[in-house]
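S.K.: show me the folded form of this:
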Amino acid sequence: MKSSTTQGVKILSTGSAVPHISLNNDQMSEIVQTSDEWISTRTGIKERRLLTGSQQSVADLAIVASKKALDKISMDPSQIDLIILATSSPNDLFGSASQIQHSIGAINAVAFDLTAACSGFVLGLVTASQFIQNGSYCSVLVIGADVLSKWIDWSDRSTCILFGDAAGAAILQSCPSTENSILNFQLNTDGHYSHHLSIPYQDDKKPHSFLNLHQGSFKYISMNGKEVYKFAVSQVPLSILKCLNSLNMSVNDINWLLLHQANERILNAVAEKLSISRDKIIANLSKYGNTSAASIPLALDEAVQEGKIANNDVLVVAGFGAGLTWGTIIVRWKEL
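M.R.: Predicted structure coming up:
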């Protein structure tokens with residue numbers, strides 16, 4: 001979808017945060033029956049970060065990532081007009097974005113949560129860019145943050161080895177169309193397969209005696225890994241190609257491929273289907289595992305800090321996950 005306006009959108013800054021506690025594969029083998037070799041060869045993950053302590057939450061990581069992004073450009077938080085928190089693990093089911101707004105001092109910002117699991121940051125960027133392009137807001141803070149360690153069954157080897165906790169943030173701002181960074185996007189949802197990756201809610205068997213109300217609780221992450229893999233490898237390349245074609249661009253125009261950091265096999269399979277060199281893949285899942293909505297902004301921030309991404313480089317950013325949802329954004333990187 002293309003905007004009919006001429007207003008551009010620029011990514012001004014990025015920031016990220018990870019917990020201090022690390023859990024490597026050898027330590028994981030003491031929790032469930034597995035090994036470093038088994039995990040590494042199947043996922044590419046060597047370790048993951050975990051947020052421990054009952055008083056720490058996803059908001060804490062999001063606040064740190066947001067402050068880092070603001071500090072990099074010496075931006076006063078009061079200049080932020082909108083905060084979008086992409087998360088599937090809020091510490092308050094009514095939303096955690098308002099807590100972040102208060103904590104960072106963004107007194108003029110509207111704040112809300114967006115739930116789209118591993119696709120959350122991509123949908124957050126698209127949502128932010130639409131608000132900017134139509135003139136509603138000028139400066140938007142988009143955060144991807146998840147603490148899925150709190151929603152894992154640590155006896156389930158198929159899921160506990162995969163996930164880690166983190167947060168990443170990006171500040172977007174309006175700019176002249178000639179400096180536009182967000183070139184185009186393509187989004188999809190297929191709810192028919194939502195059961196393949198979910199955190200289901202389960203009613204208690206015994207209802208309330210008078211009202212016949214069944215109250216329950218959310219359970220642990222449930223995932224059909226084979227189906228999620230097939231979905232990602234088949235649909236993500238198609239989404240990328242469709243987005244590129246709409247801009248009359250080709251795979252040869254891509255400088256960097258930044259995918260949701262779910263599994264090394266998925267990253268390599270998508271690159272292979274597109275005939276993209278593995279040297280162009282931005283990846284850090286070996287250190288952090290699958291951090292859900294945080295994975296793309298975390299990897300982006302690290303790549304920026306390492307000086308990998310140069311001015312006018314073309315980044316293909318693609319998220320995929322629960323819903324099932326997937327989407328692509330084509331970004332032309334603009335340095336400050």
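S.K.: list the buried residues of the longest helix belonging to the chain.
M.R.: Scanning the chain for the longest helix, with DSSP state H as the assignment, gives helix 225-246. Neighbour-count burial for helix 225-246 flags 225, 228, 231-233, 235-237, 239-241, 243-244 (criterion: 16 or more other C-beta atoms under 10 Å). Quick note: C-beta positions are derived from backbone N, CA and C, even for glycine.
S.K.: between those residues, which is nearest Pro77?
M.R.: When the buried residues of helix 225-246 are compared for distance to Pro77 (C-beta to C-beta), Cys243 comes out closest, at 32.7 Å.
S.K.: which residues touch the closest one?
M.R.: Shown in contact with Cys243 (C-beta atoms under 8 Å, 6 or more residues apart in numbering): 184-186, 316, 328-330.
S.K.: distance between the ends of stretch 267-287?
M.R.: End-to-end distance for stretch 267-287, by C-alpha to C-alpha, to the nearest Å: 15 Å.
S.K.: list the buried residues of it.
M.R.: By neighbour count on 16+ other C-beta under 10 Å, the buried set for stretch 267-287 is 267-271, 274, 276, 280-285, 287.
S.K.: again with stretch 304-313
M.R.: Going by neighbour count (16+ other C-beta under 10 Å), the buried part of stretch 304-313 is 304, 309, 313.
S.K.: would you convert the buried residues of stretch 267-287 into TSV that also reports pLDDT and distance to Cys175?
M.R.: Putting the buried residues of stretch 267-287 into TSV (pLDDT from 0 to 100; distance: C-beta to C-beta, whole Å) gives the following:
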residue	pLDDT	distance to Cys175
Leu267	97	31
Asn268	97	35
Ala269	97	36
Val270	97	30
Ala271	97	31
Leu274	97	29
Ile276	97	28
Lys280	98	26
Ile281	98	28
Ile282	98	24
Ala283	97	29
Asn284	97	28
Leu285	97	32
Lys287	98	33
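S.K.: so Val316 bridges to which residues?
M.R.: Val316 has these beta-bridge partners by DSSP bridges: Leu257, Ile330.
S.K.: and His208, what pLDDT?
M.R.: With respect to pLDDT, His208 scores 68.
S.K.: give me the nearest residue to Ile266, chain neighbours excluded.
M.R.: Distance criterion C-beta to C-beta, 6 or more residues apart in numbering; nearest residue to Ile266, sequence neighbours excluded, is Ala232 at 5.0 Å.
S.K.: contacting residues for the one you found?
M.R.: Contact partners of Ala232, counting by C-beta under 8 Å, 6+ apart, are 262, 266, 270, 320, 326.
S.K.: just to revisit the earlier point, what's the farthest-apart pair in the buried residues of stretch 267-287?
M.R.: Within the buried residues of stretch 267-287, Leu274 and Lys287 form the most distant pair, 24.7 Å apart (C-beta to C-beta).
S.K.: how about the helices in the stretch 51-200 of the chain?
M.R.: 58-72, 97-104, 120-133, 157-160 (DSSP state H, counting those that start in this stretch).
S.K.: any chance of those helices in CSV, plus mean neighbour count?
M.R.: Formatted as CSV, the helices of the stretch 51-200 of the chain follow (neighbours: other C-beta atoms under 10 Å):
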stretch, mean neighbour count
helix 58-72, 23
helix 97-104, 21
helix 120-133, 25
helix 157-160, 17
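S.K.: least reliable of those helices going by mean pLDDT?
M.R.: Among these, helix 157-160 carries the lowest mean pLDDT, at a mean of 94.
S.K.: got the contact list for Ser149?
M.R.: Ser149 makes contacts with 50-51, 163-165, as judged by C-beta under 8 Å, 6+ apart.
S.K.: just give me the closest of those to Leu172.
M.R.: Set against Leu172, the nearest of the contacts of Ser149 by C-beta to C-beta is Asp165 (24.3 Å).
S.K.: is it true that that closest one touches Asp146?
M.R.: Yes. Judged on C-beta atoms under 8 Å, Asp165 makes contact with Asp146 at a distance of 6.8 Å.
S.K.: which SSE is the nearest residue to Val233 once chain neighbours are set aside in?
M.R.: Closest residue to Val233 apart from its sequence neighbours, by C-beta to C-beta, 6+ apart: Ala269 at 4.6 Å. Secondary structure from DSSP states H and E places Ala269 in helix 264-273.
S.K.: and for that helix, what's in contact with it?
M.R.: With contact meaning C-beta under 8 Å, 6+ apart, helix 264-273 is reached by 42-45, 229, 232-233, 236-237, 240, 257, 259, 261, 277-278, 280-281, 283, 285-286, 318.
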